[in-house]
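**Student:** Quick one: sequence plus predicted model below, questions after.
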2 protein chains.
Amino acid sequence: MKAGIFIVDDHYMVIEGIRSLLQNEKTIDWMGHATNAASCLAFLKQHQPDVILMDVNLPDKSGTDLCKEVHQLYPSVLVLGLSTFNQQTIIQNMIANGASGYLLKNATKEELLEAISEVLKGKNYFSFEAAVALREPQEKHPLITRREKEVLQLIAEGFTNAEISEKLFISMPTVNTHRKSLLEKFEVKNTATLIGKAIKSGLL
Amino acid sequence: MKAGIFIVDDHYMVIEGIRSLLQNEKTIDWMGHATNAASCLAFLKQHQPDVILMDVNLPDKSGTDLCKEVHQLYPSVLVLGLSTFNQQTIIQNMIANGASGYLLKNATKEELLEAISEVLKGKNYFSFEAAVALREPQEKHPLITRREKEVLQLIAEGFTNAEISEKLFISMPTVNTHRKSLLEKFEVKNTATLIGKAIKSGLL
DNA sequence: TAAACAATCATCAAAAAAGATGATTTATCA
DNA sequence: TGATAAATCATCTTTTTTGATGATTGTTTA
């Protein structure tokens, strides 16, 4: 029995590359491709592949969002994330949204076939680099309050404490308190690292 | 007469995609591929293709640097830049370093063939999106010096001017000068926004 | 080779952030 | 309802950053 494969990627060359790699495989049934999330969803209304190879960067929607939708609408369709870069937060989001595995675009034919075969068995598959990234402790942001987040955003936009206090209709000492509790919660000692951590953990 | 084509890209799927697209073309002589700058240069010592398709993101060297080297060592070899993203500064750097054109990885087979044929005629070729990007006075990250980048990275890691001066074996005023020229070049008024812009423009 | 730029150092002043402590008033939630 | 946490304000000191200006020494490169 052949495995139905569908691919969503906005890069024609990658689609063509994967098609070329898989076209002579007896175990693979190439069902087609889409270059954006919308046409992928349209395709799924008519056909259900066994595995979707899904780029995480799509023009109309993020791959993680599409993954979530697909997983909810068609739980039997397996998703393999696909991307150029090795970003742990993205990988984790893909998994949280129901992806069965993750490949980088420098994967070989063997790796691709193995990934497909593994997820069809109900297992997960991660490219070596992705697995390494997953093992690294995640930059998960600490729990901050609504107000602290507002202050954080204004700091990131370059406003001084005085300006922030005006914008939020609070006193400067209060802004300072929030600022300091942000530094404490993020375990950093100055604004530079605060902003860095906040961006990298997806808060900004 | 066939045109000898060589490709440098660290993504196997892209190499395979292009190979698949070009393999039955009468006008194309597929000379091979490399997945990093070093093996590309090694290949060039033995053979000279007419056109190199060159990814701008390589593991061992930036595509722009490789482009420069290739252009100096083998002026007759034409370079077509290739990338996922549409970054104006990169495109401009590639051109400055002697590239004859620029393609995005979502290019179609027709576009690819046209690009190759145009550059062989001695013309330049830019994918539509790249051409648009070149026309727009887009604000990607400003040009900063080696030293400024070092300072920027240390600032982002949370070091104070005093600590940076120790680490780089320079005086504090000097660190200050670099810091200020960074603020100026990024057109920001404080460290918070500096770090934000630097991260978002991919410098950190 | 001259011009342009990078990297270095200096001084003085002001503005801003960071650190330490303590306290009051609302929300929120078990 | 009582405990907990959030949001607010205050004062004071120290450290750090930012601003303004000027100058020297190498390095690239057109």
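**Tutor:** Here it is on my side, so go on.
**Student:** and chain A, which of its residues are near DNA strand C?
**Tutor:** Counting by CB under 7 Å from any atom of the strand, chain A comes close to DNA strand C at A:155, A:160-162, A:176-177, A:179-180, A:183, A:189-191. Yep, even glycine has a C-beta here, placed from its N, CA and C like the rest.
**Student:** again, only using 10 Å
**Tutor:** A:145-146, A:154-155, A:158-165, A:172-177, A:179-184, A:188-195 (CB under 10 Å from any atom of the strand).
**Student:** ok, and which of those reach DNA strand D?
**Tutor:** A:145-146, A:158, A:160, A:165, A:172-177, A:180-181, A:189-192.
**Student:** returning to what we had before: if any of the residues of chain A next to DNA strand C are buried, give me the ChimeraX selection for them.
**Tutor:** Those of these that count as buried under 16 or more other CB atoms under 10 Å in any protein chain shown are selected in ChimeraX with:
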select /A:154,155,158,159,161,164,165,175,179,182,188,191,192,193,194,195
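**Student:** Tell me where chain A has helices.
**Tutor:** Per DSSP state H, chain A carries helices over the ranges A:12-22, A:37-46, A:63-73, A:88-96, A:109-120, A:128-135, A:146-156, A:161-168, A:172-185, A:191-200.
**Student:** out of the ones you listed, nearest to chain B?
**Tutor:** helix A:12-22 (2.9 Å; CB to the nearest CB).
**Student:** how far out from the middle of the chain is that closest one?
**Tutor:** 22 Å (CA atoms, centre = their mean, to the nearest Å).
**Student:** tilt between it and helix B:12-22?
**Tutor:** Angle, helix A:12-22 to helix B:12-22, by axes from the mean of the first three to the mean of the last three CA atoms, to 10 degrees: 90 degrees.
**Student:** Show me what helix A:12-22 is packed against.
**Tutor:** Contacting helix A:12-22 under the criterion 3 or more CB pairs under 8 Å, 6 or more residues apart in numbering or on different chains; DSSP states H and E are the following elements: strand A:3-8, strand A:28-34, helix A:109-120, helix B:12-22, helix B:109-120.
**Student:** Write out the residues of chain A neighbouring DNA strand D.
**Tutor:** A:143-151, A:158, A:160, A:165, A:168-178, A:180-181, A:185, A:189-192.
**Student:** thinking again about what came up before, lowest average pLDDT across the helices of chain A?
**Tutor:** Of all those, the minimum mean pLDDT falls on helix A:128-135 (a mean of 68).
**Student:** So which residue is smack in the middle of chain A?
**Tutor:** Closest to where the C-alpha atoms of chain A average out (CA atoms, centre = their mean) is residue A:90, at 2.7 Å.
**Student:** so what's that one up against?
**Tutor:** A:56, A:63-64, A:81, A:83 (CB atoms under 8 Å, 6 or more residues apart in numbering or on different chains).
**Student:** Max pairwise distance over these: which two?
**Tutor:** A:64 and A:83 (10.6 Å; CB to CB).
**Student:** Can you check which residues contact both of these two?
**Tutor:** Common neighbours of residue A:64 and residue A:83 (CB under 8 Å, 6+ apart) are A:56, A:90.
**Student:** and chain A, what are its domains?
**Tutor:** Here the domain parsing of chain A from automatic domain parsing is A:3-135, A:146-200.
**Student:** What residues does the residue of chain A positioned farthest from its centre make contact with?
**Tutor:** Within chain A, the residue lying farthest from the chain centre (CA atoms, centre = their mean) is residue A:171, at 39.0 Å. Counting by CB under 8 Å, 6+ apart, residue A:171 touches residue A:165.
**Student:** Can you report phi and psi for it?
**Tutor:** With angles defined as degrees, to the nearest 10, residue A:171 sits at phi -80, psi 160.
**Student:** mind checking how far it is from residue A:194?
**Tutor:** Going from residue A:171 to residue A:194 by CB to CB, to the nearest Å gives 21 Å.
**Student:** Residue A:25 too?
**Tutor:** Taken as CB to CB, the span from residue A:25 to residue A:194 is 50 Å.
**Student:** One more: residue A:105?
**Tutor:** For residue A:105, the distance to residue A:194 - CB to CB - is 33 Å.
**Student:** same deal with residue A:64?
**Tutor:** Counting by CB to CB - residue A:64 and residue A:194 are separated by 26 Å.
**Student:** can you list the residues of chain A near chain B?
**Tutor:** Of all the residues in chain A, those in contact range of chain B (CB under 8 Å from any CB of the partner chain) are A:10-21, A:35, A:57, A:84, A:104-109, A:112, A:155-158, A:160, A:188-196, A:199-200, A:204.
**Student:** Just the buried residues from the residues you listed, in ChimeraX please.
**Tutor:** The following ChimeraX line selects those of the residues of chain A next to chain B that are buried, judged by 16+ other CB under 10 Å:
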select /A:10,11,12,13,14,15,16,17,18,19,20,21,35,57,84,104,105,106,107,109,112,155,156,158,188,191,192,193,194,195,196,199,200,204
